Structure formats: structure tokens, C-alpha cells
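Student: model this:
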Amino acid sequence: MLINKAELVAMGTNDTHFPVDGLEEIVLAGRSNVGKSSFINSMVQRTKLAYTSSSPGKTQTLNFYNINDMCYFVDVPGYGYAKVSKKQREEFGVMIEKYLKTRKTLKLAILLVDFRHKPTEDDILMYEFLKYYNIKTLVVATKADKIGNTHYIKHEKIIKKALNFSKDDYFIRYSSETNVGRSETWSLIMNKLSNKQ
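Tutor: Presented below is the predicted three-dimensional model:
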């Protein structure tokens, strides 16, 4: 997938701040340290489009990235970061829930989990949340380069079992370091964008 345009075009906390051009959207969710920014940068083949930080929890708005005038990647605040106050976590939750419930241009959710570890309680809750609202979901297991090939099946089974993974959803192993899984992820996204049902 050749990316000619990848720009952060909107940041906000409610729909008055969001794009209104009707482009379809792919929402990205995951723990604060799961590598969402690295995933975005890898997917669009840029080094600094999404801000990566050694201090998790930097994203505090919904960030809309225009990709090739074809769709938006919508990066939402990461969860599970202890230094974010309870009040702030609740505000993030309300903001994300409203987006998921009301955004008519939302086409697919990408839930990022760490391939090395069993999903956390927050990961499981987020997946159940997406299922509750009947949002088609791709689970991207990041940091796949840290796991030996012979352990892939074992780790995938652990993740799917913990999430009670739906056979209607999708699972891809991914590495932002080696771009393993990038072409498969783009193929799936393009298929979802072209499917108008």
C-alpha cells in the first residue's frame, strides 16, 4: 500500500471538533504502552506522524489522521495508564463511548494488544465494549518480532481465549519494527472500506 498523504487534520473531544467530509473511519484503541503510535507510523511509512513517547498517556483527544483522502485513522486515548486521574479516565471513557455509539462513518475498530502477554482486564473490557456496539473489530497483536515463530500459535490462542474472540472478527500479528502484518492489515482495511454494506 503506497501512502501519498498522511496528515493529522483534527483533534478534539466531541463531534463539533471532528471532520464532516464523510470519509470512513478506522478507530484505534489499546493500552497506553501497546505501541499505537508506532503502529500508525509503520502503517503509513512515516517516522513521526504519530507522536511516540517514553511516557505513556500523552493522547488525550480523538486524533484524526487523513490517509490518502481515503479514510481516517482515529487514535483514541490509551487506557490502563495509572498516572491518569480517575476523573480523567472517566472523561476519556465517556468521550470514546459517545464516538463509538454515534459516529456513522466508523467502519472498523482496530484493538491493539501486546502479543507477548495475555490481554489485560482493560483489553478484555474494550473488546467486549466493541462487541456490545456491534463494531467489526481487527485485533492487532503488536511486538510480534519479540516472539519466536514457534510460539506464535500458543500466544495467539492465549489472546483469543482471554478475549472470547468472535469468529466474525479478525486477528493479525504485527511488528512495527519489521512491518510484519502491514500488508495483511492494509488488505483487510481496503476490503472493509470497499464493502458498503
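Student: C-alpha only now, for contacts and for neighbours.
Tutor: Noted.
Student: So in the protein, which strand runs the longest?
Tutor: What stands out as the longest strand in the chain, according to DSSP state E, is strand 106-114.
Student: Report the distance from that one to the chain centre.
Tutor: Average the C-alpha atoms of strand 106-114, do the same for its chain, and the two points are 4 Å apart (Cα atoms, centre = their mean, to the nearest Å).
Student: Pull up the pairing partners for it, direction included.
Tutor: Paired strands of strand 106-114, with direction, are strand 24-30 (parallel), strand 137-142 (parallel) (DSSP bridges).
Student: chain center to the least confident helix or strand in the chain by mean pLDDT, what's the gap?
Tutor: The weakest-scoring helix or strand in the chain, judged by mean pLDDT, DSSP states H and E, is helix 86-102 (a mean of 79). Put simply, helix 86-102 sits 16 Å off its chain's centre (Cα atoms, centre = their mean).
Student: when you give positions from now on, start the count at 180
Tutor: Fine by me, first position is 180 from now on; the one you just mentioned is helix 265-281.
Student: The residue sitting furthest away from the middle of the chain: what secondary structure?
Tutor: Largest separation from the mean C-alpha position in the chain: Thr329, at 26.1 Å (Cα atoms, centre = their mean). Here Thr329 is helix, with the state taken from DSSP: H, G, I helix; E, B strand; the rest coil.
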